[in-house]
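>>> A predicted structure for the sequence below; I have some questions about it.
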Amino acid sequence: MNTTEIPPSPNRRLSVAPMLDWTDRYCRYFHRLLTRHTLLYTEMVTTGALLHNEPARFLDFFPEEHPLALQLGGSHPDDLARCCRLAAEWGYDEVNLNLGCPSDRVQSGMFGACLMARPALVADCIRAMVEASPLPVTAKHRIGIDDLDSYDRLTAFVEQLSEAGCRTFIVHARKAWLQGLSPKENREVPPLRYETVYRLKQDFPQLEIILNGGVLNLDQTLTHLQQVDGVMIGREAYQNPWILVDADRRIFGADNPAGSRHQVIEDLLPLVEQECSRGIPLKRITRHILGLFHGQPGAKKWRRYLSENAHLPEAGPDTLRTALELAPKAH
């Protein structure tokens with residue numbers, strides 16, 4: 001358990017989205033080698049999983065991951081409050097409530113995007129979370145669901161949550177169809193409506209509005225930052241992580257931590273040695289770094305070698321060193 005003091009509210013000008021099965025502690029450690037200041041999020045953790053299992057399994061993280069937010073999935077105010085207290089004890093910087101995931105499994109558990117149809121319940125959840133711990137509580141949601149997608153309904157939702165104590169809204173600029181579309185299709189089929197998120201910021205200048213959805217690079221990020229308070233990048237940051245390397249300079253006005261892709265792997269190796277020595281399979285770490293040389297001539301050799309060898313029982317730090325020898329030499 002981490003015992004660091006609770007820091008001020010994190011800077012949310014740029015963040016990497018919570019992504020199930022992707023943004024685990026090894027992914028986040030890797031991303032932190034590319035950017036020190038970008039806010040990172042955990043995978044979504046349901047309140048049931050957290051409260052009915054060993055908390056450390058879901059909450060432990062490396063100190064280097066700060067600033068770091070915990071995303072929760074749930075709809076019972078008391079359970080969410082208990083989880084917020086745990087998040088504070090563990091030393092997280094923020095707690096986020098998932099109100100945007102459209103999957104059937106999430107709906108059956110009464111959390112995610114389906115909760116946008118029940119704003120009073122969500123407000124009760126937010127209120128309980130805010131009262132439970134000193135951490136900032138944020139909400140991540142869509143611009144609407146199914147046919148409940150009018151701007152008036154969206155503003156009423158935001159207003160009700162803000163009255164309950166939420167000051168930061170991370171808005172995926174697509175609506176979600178809860179029936180008929182898969183989660184993947186819900187990330188692609190409903191059109192992006194950035195102007196709706198911009199309008200929210202204009203109508204709620206006192207709130208922090210973060211835009212999410214379809215952002216592919218820092219140039220687009222800077223364009224959106226002219227209209228909103230922050231930008232969250234999702235899959236592109238995972239599949240092409242090198243886009244994060246200039247974030248500290250361009251978004252936060254600070255020095256970049258990484259000089260080259262090769263240096264990032266050299267900086268990752270001590271963690272690989274530590275984790276492999278305690279029995280963590282190499283593939284749990286290297287699956288997150290396959291895209292580091294995305295777009296570079298010869299990147300396929302790097303990906304292929306790791307894909308074919310990192311899962312082997314004897315795989316370890318030397319496996320990664322050999323992959324690095326095969327990787328493109330360009331920075």
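It's in. Residues are numbered from 1 along each chain as shown.

>>> Roughly how far does residue 221 sit from residue 128?
The gap separating residue 221 from residue 128 is 33 Å, by Cβ to Cβ, to the nearest Å. (Each C-beta comes from the backbone N, C-alpha and C, glycine too.)

>>> Residue 192 too?
Distance from residue 192 to residue 128, by Cβ to Cβ: 32 Å.

>>> again with residue 121
11 Å.

>>> who's more crowded, the two?
residue 128 (20 against 14; other Cβ atoms under 10 Å).

>>> what are the ranges of the strands in this structure?
14-16, 39-46, 68-73, 94-99, 137-142, 168-172, 208-212, 230-233 (DSSP state E).

>>> Kindly reformat the ones you listed as TSV containing mean neighbour count, mean pLDDT and distance to residue 148.
Below are those laid out as TSV (neighbours: other Cβ atoms under 10 Å; pLDDT from 0 to 100; distance: least, Cβ to Cβ, whole Å):
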stretch	mean neighbour count	mean pLDDT	distance to residue 148
strand 14-16	26	98	27
strand 39-46	22	97	22
strand 68-73	25	98	20
strand 94-99	25	98	13
strand 137-142	26	98	10
strand 168-172	26	98	15
strand 208-212	23	98	19
strand 230-233	24	98	23
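
>>> Now tell me which helix or strand of the protein has the poorest mean pLDDT.
Here the helix or strand of the chain ranked lowest by mean pLDDT, DSSP states H and E is helix 104-108, holding a mean of 61.

>>> mind checking the end-to-end distance for stretch 197-211?
7 Å (Cα to Cα, to the nearest Å).

>>> can you check stretch 163-171 too?
End-to-end distance of stretch 163-171 (Cα to Cα): 18 Å.

>>> again with stretch 221-235
14 Å.

>>> So for it, what gets flagged as buried?
For stretch 221-235, the neighbour count (16 or more other Cβ atoms under 10 Å) marks 221, 224, 225, 227, 228, 229, 230, 231, 232, 233, 234 as buried.

>>> My guess is the last one contacts residue 19. True?
Translated: residue 234. Yes. Between residue 234 and residue 19 a contact is recorded at 6.3 Å, counting by Cβ atoms under 8 Å.

>>> tell me the contacts of residue 86?
50, 55, 59 (Cβ atoms under 8 Å, 6 or more residues apart in numbering).

>>> Quick check: the farthest pair among the buried residues of stretch 221-235?
227 and 234 (18.8 Å; Cβ to Cβ).

>>> which among the contacts of residue 86 gets closest to residue 171?
residue 50 (25.2 Å).

>>> Next, work out how far apart that closest one and residue 308 are.
From residue 50 over to residue 308 (counting by Cβ to Cβ), the distance is 36 Å.

>>> Tell me which of the two has more neighbours.
Using other Cβ under 10 Å as the criterion, residue 50 and residue 308 rank with residue 50 on top: 23 against 10.

>>> residues contacting the more buried one?
Residue 50 touches 58, 59, 72, 83, 86, counting by Cβ under 8 Å, 6+ apart.
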